[in-house]
Structure formats: structure tokens, C-alpha cells
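[1] here's my sequence, what's the structure:
(one chain, ligands or ions: 1)
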Amino acid sequence: MERKNVKTNLLNHSEAKVRLLGEYLKRYLNIICNDGYTERIKIYDMFCGEGLYENGGEGSPLVFMRTIKDVHFSNVAKLSNITPIDCHFNDLDPLKIEKVKQAIGDKSLYYKEFGEIEYSSLDYQDELKKMLNILSALKNQKAFIFIDPYEYKHIKASQIENLMAKGNAEVLLWLPTQFMYRFAANGTPLALKDFIEELVPYKEWKETDNVWHFINQLKEGFQSKFGGKLFVDTFTIEKDASTVFCLFFFSSHIKGFEKMLEAKWEIDTEQGKGWSYTGNQPSLFYDLKTNPLEEKLRMFLKGNKKNNGEVYEFTLRQGFLPKHTNEILYNWQKDGKLEVLKNNNEKARKSSFYIAYNYYKKESKKVIFKII
Ligand SMILES: C[S@@+](CC[C@H](N)C(=O)[O-])C[C@H]1O[C@@H](n2cnc3c(N)ncnc32)[C@H](O)[C@@H]1O
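    Residues are numbered from 1 along each chain as shown. Coordinates of the predicted model:
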């Protein structure tokens, strides 16, 4: 049933996907428009679809334009200099592009003063080539790229790597993981093998019929392929036990990555699957639900002194926010399990952990943490 109407109606999981897109874009634009450096922002929606669905749902082009409009008008009131935002919408199907134009016009979502708007009906591979040339020539400009195909056969990890190579782009990639992992019975399709091989040697890949393991392996594969240069995380949307959709996001800048994680946690919290930490409070679920960040942080600090900058980066790379780590550190300190020392080896003020981007950038060795 779903396969029939997924293309003409915006279904719940797609709605969650475009919500995340909007939440992240809002944060991203607010930072970039105020960074005092970026002179222009370029947005590319490579598989943009038709914009307005039969059930009234709004797809990515309308989410992009609505967010840009909000950010623009709130900046007009606050800032003397507005950073132009150009948008490029592409879809192989020219009829869909016509629909997108129509919907943007009908809903008055574009004004010339935002920046330029462009449309194209090219195959993704051709669009990608054009885009790589554009990205390599950008000066003091940033790009935001949304890749939302029906099928993964279009996508290669090396393409993402190339898009990110200049450090001026963020990429959001929607992978149809629900159709990718169920291959065990018929053998792995060649396209999937090729996709995986770019991330990890296929003999190291563990075939699995568990979609969570599958997504985690892909994420780890991306992480090891891209090394320390890029930040990678996922946002998963669970429709039912075996149908899980996944958005991968890639950033070359730690601050952009933190904004993405904030958007993700905001939506997760609303959906009741967000942060849950009981510290040492007795809880009915305590045995069942040890906090994953607490365990990882313990391993990270065990036997090693780490400074506040390192703990900040570690926290984000695990997909968590500084406020989560602060809660854990606060509890450990309260229970006498953690020592926080300043440069001169004196104890730091209680509850002062300095886990934040500004400290990471300017005072990443302000304190060190030692598990007792
Ligand atoms: C998942 S839909 C996009 C949904 C859209 N982002 C949204 O939020 O509503 C994928 C789109 O890719 C387009 N498409 C299929 N093959 C393509 C190709 N080779 N190059 C570019 N677009 C393609 C389809 O026409 C379809 O509209």
C-alpha cells in the first residue's frame, strides 16, 4: 500500500524527515548569516520532488523556502547586512519542477531579495559534476546540499567525500535503509555491495537482518572512511519494528555538526525517545537502561586525562550534546568519582566543565578530567 502512495503523498516518516531538514536549516542559517565571514549561502536540493503533495504535505523545496523566508524577515529586523541565500532545485522529472515553481509562487515563498532561485531537470550525476566545479570555485561562500533519492544506486560515499572536500559544504543524505538491509535471503545485490565496499572491505562487513546494526555499520563505515576530517551522524525514524528510515548528515565543521545534533535531539525529545539519564537515582529501569553516553564517557576517560576540548569533541562524535555530558560529569563530581583540575593542578570550581564550542576553540585545555 505504502509503495503505491508514497510518491504522491507526504507520509509520516517523510514528514519527520523534512521537519528535521527545516529545524537544522533554521539553526544553520542563523549561524552562517551572522558569522561575519560568509558572503553568500547556496542551497542545493538534488532530488527535490514536486514540492506540494496531493494530501497538502510540503516536501523539501517548500520547507527550504519557508525556512529561508522566516530567517530572512527576522534578520531584516535585526541586521544591517543580510547574507543572500541562493536556491537550486533539481529533479529529473521536469513536470515536478513545474509543480515546485507553481507551489512556491502560489504560496509566496520567494522574494528576489532572498537571493537567486534556479531550477533544473538533470540527472543527479550530471548535476553533481556541475556542483563540484561550483564548490571548488566558491570564495567566502557556503553550501548546503540535500540528497534525497528513492534508490541508493544513485549514491556513492566518494561523492559525499568530494562534495565535502573543500570544507565549505554540509550534506544531508537520505538513504532508503529499509530497503537496503533486507537482502540476506536473496544474497546481497551488486549495487549494495558496491556501496558498502566503498566504506569497508566487503569481507569485514557483517551481514545482518537487524536494521539498527545495518545503520550502525554504515555510520561507522562513513566515519572510518572520512577519518577525523568530517563529522557524521544519523537520524532514524522508526515506522515499525522492521521499518526504519535513516538520514545521514555530514559536516566538516564541528559547530555545524553541533547544530544538527541540537535539531535531532529537539525532535527526538518531542517524540519521547530523547535523553534519559537517572544518574545514581534508583530507577525501575536502571538495570535495563544504562545510559550509553555515560558508559562511553567512562571508557574514554578511564586511565586517561582528557581536557575540556577533547571531551567536547568526543561528546559530539558520539551523537550527544554538551548538556548531556555536563549532567553526567555533575553527577560523578557530586559522588566523588571525578576530579576536575585547572592548568596549575588546582581543583576547578565545582560544576565548571567548559564543554562548549567557544572553549573548544579558544581554551580547550582550561581543565582536565580525571576519573577516580
Ligand atoms: C524521494 S523523492 C524526493 C522527495 C523530496 N525531496 C521531498 O522532500 O518531497 C526522489 C525524487 O528523485 C527524482 N529522481 C529520480 N531519479 C533521479 C535522477 N537520476 N536524478 C535526479 N532526480 C531523480 C524523482 O523524480 C523524485 O522526485
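[2] and the residue in the chain that the ligand sits nearest to, how many neighbours?
    The minimum distance from the chain to the ligand, using Cβ to the nearest ligand atom, falls at G59 (2.3 Å). (C-beta placed from N, C-alpha, C; glycine too.) Residues within reach of G59, counting by other Cβ atoms under 10 Å, total 25.
[3] ok, it - contacts?
    Neighbouring residues of G59 by Cβ atoms under 8 Å, 6 or more residues apart in numbering: 10, 14, 18, 48-53.
[4] for the residue most central in space within the chain, list the residues it contacts.
    Per Cα atoms, centre = their mean, the C-alpha nearest to the average position across the chain is that of F249, at 3.3 Å. F249 makes contacts with 24, 170-173, 232-235, 257, 260, as judged by Cβ under 8 Å, 6+ apart.
[5] same check on F300?
    F300 makes contact with 306, 311, 314 under the criterion Cβ under 8 Å, 6+ apart.
[6] give me the spatial nearest neighbour of the second one, chain neighbours excluded.
    Spatial nearest neighbour of V311, chain neighbours left out: I355 (5.7 Å); criterion: Cβ to Cβ, 6 or more residues apart in numbering.
[7] does the one you found touch H324 like I think?
    No. With contacts defined as Cβ atoms under 8 Å, I355 does not count as touching H324, sitting 9.6 Å away.
[8] what touches both of these two?
    In terms of Cβ under 8 Å, 6+ apart, I355 and H324 are both contacted by the residues T315.
[9] against H154, how distant is I97?
    Distance of I97 to H154, computed by Cβ to Cβ, to the nearest Å: 18 Å.
[10] out of the two, which sits in the busier spot?
    The neighbour comparison of I97 against H154 (other Cβ under 10 Å) goes to I97, with 21 against 17.
[11] list the residues that contact that one.
    Applying Cβ under 8 Å, 6+ apart, the residues near I97 are 48, 89-91, 119-121.
[12] so it is in which element?
    Using DSSP states H and E, I97 falls within helix 94-106.
[13] I'd guessed P84 sits against R40; true?
    Yes. The criterion here is Cβ under 8 Å, and P84 meets it with R40 at 5.2 Å.
[14] what residues are shared contacts of the two?
    Joint contacts of P84 and R40 (Cβ under 8 Å, 6+ apart) are G115.
[15] pLDDT weak spots in the stretch 251-372 of the chain?
    Scanning the stretch 251-372 of the chain for pLDDT under 70 picks out 270-290.
[16] give me the nearest residue to R182, chain neighbours excluded.
    Nearest non-adjacent residue to R182 (Cβ to Cβ, 6+ apart): D209, at 7.2 Å.
[17] nope, T83 is what I was after
    Closest to T83 by Cβ to Cβ, 6+ apart is C33, at 4.4 Å.
[18] what distance separates stretch 226-242 from the centre of its chain?
    The chain centroid and the centroid of stretch 226-242 are separated by 8 Å, computed with Cα atoms, centre = their mean, to the nearest Å.
[19] got the buried residues for that stretch?
    226, 230-238 (16 or more other Cβ atoms under 10 Å).
[20] how about stretch 353-361?
    353-356, 359-360.
[21] from the opening residue of that stretch to its closing one, how far?
    One end of stretch 353-361 sits 15 Å from the other (Cα to Cα, to the nearest Å).
[22] try stretch 51-69
    This stretch, stretch 51-69, spans 16 Å end to end (Cα to Cα).
[23] buried residues in it?
    51-53, 57-69.
[24] and stretch 312-320, by the same measure?
    For stretch 312-320, by 16+ other Cβ under 10 Å, it's 312-320.
[25] and the buried residues of stretch 226-242 as JSON lines, adding distance to the ligand, secondary structure and pLDDT?
    Output for those, formatted as JSON lines (distance: Cβ to the nearest ligand atom, whole Å; DSSP: H, G, I helix; E, B strand; the rest coil; pLDDT from 0 to 100):
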{"residue": "F226", "distance to the ligand": "24", "secondary structure": "helix", "pLDDT": "89"}
{"residue": "L230", "distance to the ligand": "23", "secondary structure": "coil", "pLDDT": "91"}
{"residue": "F231", "distance to the ligand": "23", "secondary structure": "strand", "pLDDT": "94"}
{"residue": "V232", "distance to the ligand": "21", "secondary structure": "strand", "pLDDT": "93"}
{"residue": "D233", "distance to the ligand": "20", "secondary structure": "strand", "pLDDT": "89"}
{"residue": "T234", "distance to the ligand": "18", "secondary structure": "strand", "pLDDT": "88"}
{"residue": "F235", "distance to the ligand": "15", "secondary structure": "strand", "pLDDT": "84"}
{"residue": "T236", "distance to the ligand": "17", "secondary structure": "strand", "pLDDT": "81"}
{"residue": "I237", "distance to the ligand": "13", "secondary structure": "strand", "pLDDT": "76"}
{"residue": "E238", "distance to the ligand": "19", "secondary structure": "strand", "pLDDT": "74"}
